[in-house]
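Participant: model the following, please.
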Amino acid sequence: GCPSPDRPLVRVLRHLYATRKVYDVRATVFARDQAEGVLQNEAKRCVWSRAQDRGFSATLEAQCLERAATRRSACGGAQGGAMAVALR
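Facilitator: Model prediction:
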């Protein structure tokens, strides 16, 4: 794993887990450069093309994102990102 300088985020996620409630958590990392943007777009196309046959699921999204992520290390940091958390 990568060392995480963003400890406040880790604390918040651990707190949400500890409440034992069900949350939807969505995170988006912004691309650092054009090459990373191409990989993110490839992952999105993977999700939508495969979701037509099997329906959308978090597992499907994770599989497509992992496949794209294996081509580039995320340890170098990111341009930024966004996170949304909603109680189900």
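
Participant: stretch 16-32 spans what distance, first to last residue?
Facilitator: 28 Å (CA to CA, to the nearest Å).

Participant: buried set for that stretch?
Facilitator: With burial defined by 16 or more other CB atoms under 10 Å, the residues of stretch 16-32 counted as buried are residue 29. C-beta: built from backbone N, CA, C; applies to glycine.

Participant: surely residue 56 is within a strand?
Facilitator: No. Using DSSP: H, G, I helix; E, B strand; the rest coil, the assignment for residue 56 is coil, not a strand.

Participant: need phi/psi at it.
Facilitator: Backbone geometry at residue 56, expressed as degrees, to the nearest 10, gives phi -80, psi 140.

Participant: tell me where the protein has strands.
Facilitator: Along the chain, counting by DSSP state E, strands occupy 23-30, 80-87.

Participant: got the ones you listed as JSON lines, with distance to residue 60 columns?
Facilitator: Shown next, in JSON lines, are these (distance: least, CB to CB, whole Å):
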{"stretch": "strand 23-30", "distance to residue 60": "14"}
{"stretch": "strand 80-87", "distance to residue 60": "19"}
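
Participant: now residue 65: closest residue in space that isn't a chain neighbour?
Facilitator: residue 43 (4.8 Å; CB to CB, 6 or more residues apart in numbering).

Participant: list the contacts for that neighbour?
Facilitator: Counting by CB atoms under 8 Å, 6 or more residues apart in numbering, residue 43 makes contact with 64, 65, 67, 68, 69.

Participant: how close does it sit to residue 61?
Facilitator: The gap separating residue 43 from residue 61 is 8 Å, by CB to CB, to the nearest Å.

Participant: residues touching residue 38, list them.
Facilitator: Counting by CB under 8 Å, 6+ apart, residue 38 has no contacts.

Participant: that should have said residue 61, apologies.
Facilitator: So, once contact is read as CB under 8 Å, 6+ apart, residue 61 ends up touching residue 47.

Participant: quick one: pLDDT of the residue nearest to residue 65?
Facilitator: Note for residue 43: predicted pLDDT of 84.
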